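Visitor: Got a sequence here, can you model it:
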Amino acid sequence: MRNPTTTLFLATVALAAAAAAPLARAATAYAPTPVDSRPGSTTTVARWLIQSTDKAQQGGAEISTPAFSTDGWYPTSGRATVMAGLLENGLYKDVFYSDNLRAVQAPDASGTLFVNPWWYRTEFTLASTAQGRHTLLRSNGMIASADVWVNGHLVADQAHLAGAYPVHEFDVTRWVHAGRNVLALQVHPADPRRSLSIGWVDWNPTPPDNNMGPWRGVDILQTGPVQLRFAHVTSDLSLPDLGRAALTVKVDARNLDTAAHEATIAGEVAGVPLRRTIRLAPGQTQTVSFTPQTDSGLDLSHPKVWWPAGMGAHPLYALQLSARVDGATSDRASASFGIRSVSSRLTRQGYRQFVVNGKPVLIRGAGWAPDMFLRDDPARMEAEFSYVRNLGLNTIRSEGKLESERFYALADRDGVMVLAGWECCDKWESAAKTGGAPWDAADMQVAQASMASEARLLRNHPSVIGFLIGSDNAPAAALAKTYVDTLQAEDWTMPVIAAAAAQATAETGPSGMKMTGPYAWVPPAYWYAGQQGGAFGFNSETSAGADIPRLEDLTRMLSPQELEALWKYPQARQYHASADWSTFASIAPFDKALASRYGPPAGLEDYVAKAQLDNYDNTRAQFEAYNAHRDAANPSTGVIYWMLNNAWPSLHWHLYDYFLNPAGSYFGAKKANEPVHIQYAYDTRAIVLVNQTLNDEHGLQARIRVRHLDGSVRYERRVDGVDLAGNGTRQLLTLPTLSGLSRVYFVELDLASAAGEPISRNVYWLSTRPDQLDWAHSNWYLTPLTQYADLTPLQSLPAATSDVRATLRHEGAQDTVTVTLAVPVSSKGVGLFQHVSIKPSAGGHPVTPILWSDNDVTLWPGESLTLTAKYAGQGIAAPVVEVSGWNAPARSFPIAVQGGAGASQDKNP
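Guide: Residues are numbered from 1 along each chain as shown. The predicted structure follows:
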């Protein structure tokens, strides 16, 4: 298994190379792709030429022949949607900047660029077409539908190839030949309101092409007369001892010939040999099963058990199978899988609680967004999974936009659980809504095929813990039954959940979820209240809304006019906040709260600085509240931050922005989700310890301080010899009510091991004037306030002084920078919210992706703190450290290479 940190650096190298590559230019042809001729091989279509039917008006019989001229067609990668392909060719510049994307909506006078079908054309070569050899085409998902042509022949029309998620295979053996062959797809336009494709609702603007195209790619398969499909392994793990696991292996053997065949299916799983001989009639498919009853070795003793992140290791097993016919290999199949047990139950209050390997798990997750144009970027996906682990999250929720095999393989490797499910809104839920458009037989067929294909993709992956067959709404009765029956037929063993909302179906029972918001600004104290989206039960999607990127990223996404409106005109609608029509296109609730609590912004930099404090504080409170209430009378069982990331640069809903630059929300979430953590409760003033691991802790040492605004200590308490059970919480004490506090004061918490090693450090800035929520006027996305906390005295903090020392260590492609921050005893006050960046040079953009041990830290005179950052340093000759803070200007410092002349030190005058 590769270390997730290492993969981040490899990903960064690839990201940098991609950024440096020139834009692809239109060409007349590609060299045909040679198809791997070995039985059981898969050759992925790596590139296409695309053109609109407005310009390529010939029929498929002509376009899919070798003689057809593709002059003026656009070369694209294998998984490109139409819009992604046009971006690869440089037709549109900076579509993520300001409102440039609007110009794509009507690209020419006709306005029909994405209204009519588009052609995708590629060529491939076959070494031979030996007797008994079969060539198959596999489409892994099509938006919205397509006609398939091979060498002048119509293989399938759009009625047989429709839907974003169904996997379809077509035997094209009779239409292909040795040498050069042509495949052409006529892709029909998409509309998520009318087809089971992909829609973005209020996440971001609608892609101009509605993501039309073969977004998950197309494969060319080579097999003999007997094909193996859908190999999978299920495991029955003994609980609670985890001492045995009974494996069941299944694979479908399909005879593609018109003659009967005897086939021997053989292979190995978890070191256990398998072998079975079967006879297949012409065209027959047979499921071949291996169980402990037929193969005793499948009753494993002391299996390696897969655990979620933070609870244990994530070992994986392999399955390898082959089919032999007449002494020759006909096909091969393989799968990776993990051994674990997943179940769920309803709490006394009716909320869903997931249980993994017999242990209740608090779901700490966030919602996933792919790229807005569904561009395939392996390096970026690697980096994002490294961020998930660095954040301390254990779950990703996918509301549709379900990813390919690579995504789940990364989740398996990193121990990140995945809660998958269908899209909200649009066609996916129209039949479930009052007045929604009913579905016809074709819709039901696509839905059933979608469910079967996703079940086959997901069921081997130990990271997948359930499937939501509805999101905002549970599916209608007939559709719910279709989904559940299909899952059962595909050996689905994980929980099936009616919806992300508090709804039910006859087949699944109650969802056990709440979807009560908020989606816009609320204060940190909100999360501790026992109402609405507060920390009880399972909240399937929630956050305080706006997440403001750092200044260097805002200038990359917003025009000067938009930047001015961001801080000066709170009611302004921002194109980068949400879809134009959405409530969330205005971030007025956030802006009002920011000005009321921290003071009206004096300019853009002041606005961004205040936003980082607010985002950190609020995101930390959300996760901390849910983390602490697992043992309460009405426990929290899960929370999904809305969202993890964005499909494009956004002012809303993310823990890290589109540029992968960690900011306030990121470090607030990272702080709250430390494996062993000390925290403050906004509702009761309690000091609480949280243990996310399964390991008991003994002899912990806690120190609690309350400080005035000037940093002087008003209250101090030490608690030593503290034991903390694994997967649990413990309340240490409740802070007394203190008189005479400054209007803004600090609570400083430190937790150390029995040996005195630091474990957790946490600092809060609080007001003697509390936020007061107006619960009676709550709506689906926020709860208003009757009074805001007064944090404006923070503006009077004197300028901080600090020393900075930084060293760099090279480790192959990985660089590690160690930064020590120290506030001298002579300093006039607190160094509040110090942020550290690594930059290639002074004034440049921060190095990303990057993994920090901690950041956005607060120090008092006489204190020091050491932070580490890991990133891919190739191509960065002399990086610098930039340190800024709430009450300190940004300064850059050189970094001493470890083993060189010595570390550099700079003292603020």
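Visitor: Just say helix, strand or coil for Asn390.
Guide: helix (DSSP: H, G, I helix; E, B strand; the rest coil).
Visitor: I figured it hits Lys670, correct?
Guide: Yes - Asn390 is in contact with Lys670 according to CB atoms under 8 Å; the separation is 6.6 Å. Where C-beta positions appear, they are placed from N, C-alpha and C, glycine not excepted.
Visitor: What are the boundaries of the strands in the stretch 201-350 of the chain?
Guide: For the stretch 201-350 of the chain, applying DSSP state E, counting those that start in this stretch gives strands covering 218-223, 226-237, 244-255, 261-269, 272-280, 285-290, 299-301, 317-325, 328-337, 342-346.
Visitor: what about the spatially closest residue to Arg573 that is not a sequence neighbour, neighbour count?
Guide: Leaving aside its sequence neighbours, Arg573 sits nearest to Ala585 (CB to CB, 6 or more residues apart in numbering; 4.3 Å). Neighbourhood size, Ala585 [other CB atoms under 10 Å]: 18.
Visitor: so where's the stretch 451-600 of the chain uncertain?
Guide: The model of the stretch 451-600 of the chain has no residue with pLDDT under 70.
Visitor: thinking again about what came up before, residues that sit against both of Asn390 and Lys670, list them.
Guide: Residues touching both Asn390 and Lys670 (CB atoms under 8 Å, 6 or more residues apart in numbering): Trp852.
Visitor: Where does pLDDT dip in the stretch 201-350 of the chain?
Guide: Residues of the stretch 201-350 of the chain that meet the criterion pLDDT under 70 are absent altogether.
Visitor: Tell me where the stretch 51-200 of the chain has helices.
Guide: 60-63, 82-88 (DSSP state H, counting those that start in this stretch).
Visitor: cool, the stretch 401-550 of the chain as well?
Guide: Under DSSP H, counting those that start in this stretch, the stretch 401-550 of the chain gives helices at 405-414, 426-430, 441-458, 477-489.
Visitor: Report the secondary structure state of the spatially closest residue to Arg47 that is not a sequence neighbour.
Guide: Leaving out its chain neighbours, the residue that sits closest to Arg47 by CB to CB, 6+ apart is Tyr30, at 5.4 Å. Counting by three-state DSSP, the backbone at Tyr30 sits in coil.
Visitor: cool, Asp580 as well?
Guide: With three-state DSSP as the criterion, Asp580 reads coil.
Visitor: what separates Ala56 from Gln186, distance-wise?
Guide: 10 Å (CB to CB, to the nearest Å).
Visitor: Check the contact lists of those two and give me the overlap.
Guide: Common neighbours of Ala56 and Gln186 (criterion: CB under 8 Å, 6+ apart): Trp119.
Visitor: Can you report how many residues lie near Leu280?
Guide: By the criterion of other CB under 10 Å, Leu280 has 22 neighbours.
Visitor: show me the residues around it that make contact.
Guide: 226, 253-255, 260-263, 286.
Visitor: How much space separates the most far-flung residue of the chain relative to its centre from Arg332?
Guide: Ranked by distance from the centre of the chain (CA atoms, centre = their mean), the top residue is Ala259, with 47.3 Å. Distance of Ala259 to Arg332, computed by CB to CB: 22 Å.
Visitor: report the longest helix in the chain, please.
Guide: In the chain, taking DSSP state H as the definition, the longest helix is helix 604-628.
Visitor: roughly how far is it from the heart of the chain?
Guide: Its chain's average C-alpha position is 21 Å from that of helix 604-628, according to CA atoms, centre = their mean, to the nearest Å.
Visitor: before we move on, what about stretch 508-524?
Guide: The chain centroid and the centroid of stretch 508-524 are separated by 19 Å under CA atoms, centre = their mean.
Visitor: mind listing what the nearest residue to Gly199 once chain neighbours are set aside touches?
Guide: Closest residue to Gly199 apart from its sequence neighbours, by CB to CB, 6+ apart: Pro192 at 3.0 Å. Counting by CB under 8 Å, 6+ apart, Pro192 touches 198-199, 210, 423, 426-428.
Visitor: And the furthest pair within these?
Guide: Asn210 and Trp428 (14.1 Å; CB to CB).
Visitor: And the two? Which one has more around it.
Guide: Neighbours were counted for Asn210 and for Trp428 using other CB under 10 Å; Trp428 has more, 28 against 23.
Visitor: need the contact list for that one.
Guide: Residues in contact with Trp428 (CB under 8 Å, 6+ apart) are 192, 196, 199, 400, 422, 471.
Visitor: Drop anything exposed from the contacts of Pro192.
Guide: Among those, the ones that count as buried by 16 or more other CB atoms under 10 Å are 198-199, 210, 423, 426-428.
Visitor: Mind putting those into a markdown table with distance to Leu733?
Guide: As requested, the buried ones among the contacts of Pro192 are exported to a markdown table (distance: CB to CB, whole Å):
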| residue | distance to Leu733 |
| --- | --- |
| Ile198 | 51 |
| Gly199 | 50 |
| Asn210 | 56 |
| Glu423 | 47 |
| Asp426 | 51 |
| Lys427 | 54 |
| Trp428 | 49 |
